[in-house]
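Just a sequence and a predicted model for now, questions to come.
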Amino acid sequence: MSNIVVLISGNGSNLQAIIDSVQNGAIDGCVSAVISNKPDVYGLERAEKAGIPAIAVDHSQFSSRSDFEQALIQTIDQYQPNLVVLAGFMRILSSEFVQHYLGTMLNIHPSLLPKYPGLNTHKRVLENGDKEHGTSVHFVTAELDGGPIIAQRSFHVTADDNEESLQKKIQQQEHKLYPEVVSWFCSGRLQFKDGKAWLDQQPVSIL
Ligand SMILES: Nc1nc2c(c(=O)[nH]1)N[C@@H](CN(C=O)c1ccc(C(=O)N[C@@H](CCC(=O)O)C(=O)O)cc1)CN2
Ligand SMILES: NCC(=O)N[C@@H]1O[C@H](COP(=O)([O-])[O-])[C@@H](O)[C@H]1O
């Protein structure tokens, strides 16, 4: 059974989807800890309600990113994870941090990568009049939101959409996709080899 540590920064709805999927058996794993870079966020309450260790490593309490990341690694590694899941974790991670977990760290991003890495993706979709939007799950590399894409889900943008409606549509997709991808990793179907994502021994190619 895989040991999963989830990193959050806020609400934790993707965390909840993963917790629910562990509890219903869809994910052959165990969420051993939830760690937030911000204290007092609802995602930590979700973890506590599920009986999962909920820890804040508050980035604002450290004098440098490096000191924060050292504390974060020390906290994560106490749980000896097979998989680190970024679920709305809102800090850019250094190449040293990423290297420490390379091939065992996932992120979900609210855009159809490689379009719109970074923040404010819904706003950019609307500003550009895109007809399609969606979410992407990828392995985390030093390049921000540039790691090998594992899976995407897309939907049509309608004329009455705004940032709020797009966020809702995105999260409906995320809450199905992320637990599925996590289950692939935990079952051994999903691997990171030669800098690529491999599913069922085939390289994943997202055109
Ligand atoms: N090296 C990497 N670090 C992170 C990745 C990654 O792929 N490689 N993914 C992000 C998640 N993310 C988008 O999916 C993302 C998170 C945060 C930011 C950002 O600009 N953060 C600011 C602070 C913003 C805030 O605190 O509200 C910052 O760190 O200065 C961009 C993209 C996680 N990290
Ligand atoms: N660039 C990272 C980013 O924007 N991630 C996004 O933050 C949200 C977190 O929601 P949650 O806390 O309810 O899971 C998710 O929609 C995720 O795609």
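Sure, I can see it. Numbers count the residues shown, from 1 in each chain. Ligands and ions are numbered 1, 2, ... in the order given.

contacting residues around Asp40?
Contacts for Asp40 (Cβ atoms under 8 Å, 6 or more residues apart in numbering) come out as Ala56. Backbone N, C-alpha and C define where each C-beta goes, glycine included.

Can you check the pLDDT for it?
Listed pLDDT for Asp40 reads 97.

Equivalent analysis for the one 10 residues further on, please.
The predicted local distance difference test score for Ala50 is 98.

At the contact with ligand 2, which residues of this protein appear?
Selection of the chain residues close to ligand 2 by Cβ under 6 Å from any ligand atom yields 8, 10-14, 43, 87-88, 108-110, 119, 170-171, 174.

mind listing which of those are in helices?
Ser13, Asn14, Gly43, Ile170, Gln171, Glu174 (DSSP state H).

State whether Val34 is indeed within a helix.
No - going by DSSP: H, G, I helix; E, B strand; the rest coil, the assignment for Val34 is strand, not a helix.

give me the subset of the residues of the chain next to ligand 2 touching ligand 1.
His109, Leu119.

For the residue of the chain at minimum distance from ligand 2, list the residues it contacts.
Of all residues in the chain, Gly88 sits closest to ligand 2, at 2.6 Å by Cβ to the nearest ligand atom. For Gly88, the contact set (Cβ under 8 Å, 6+ apart) comprises Ile8, Ser9, Gly10, Asn11, Gly12, Ser13, Asn14, Leu15, Gly43, Ile108.
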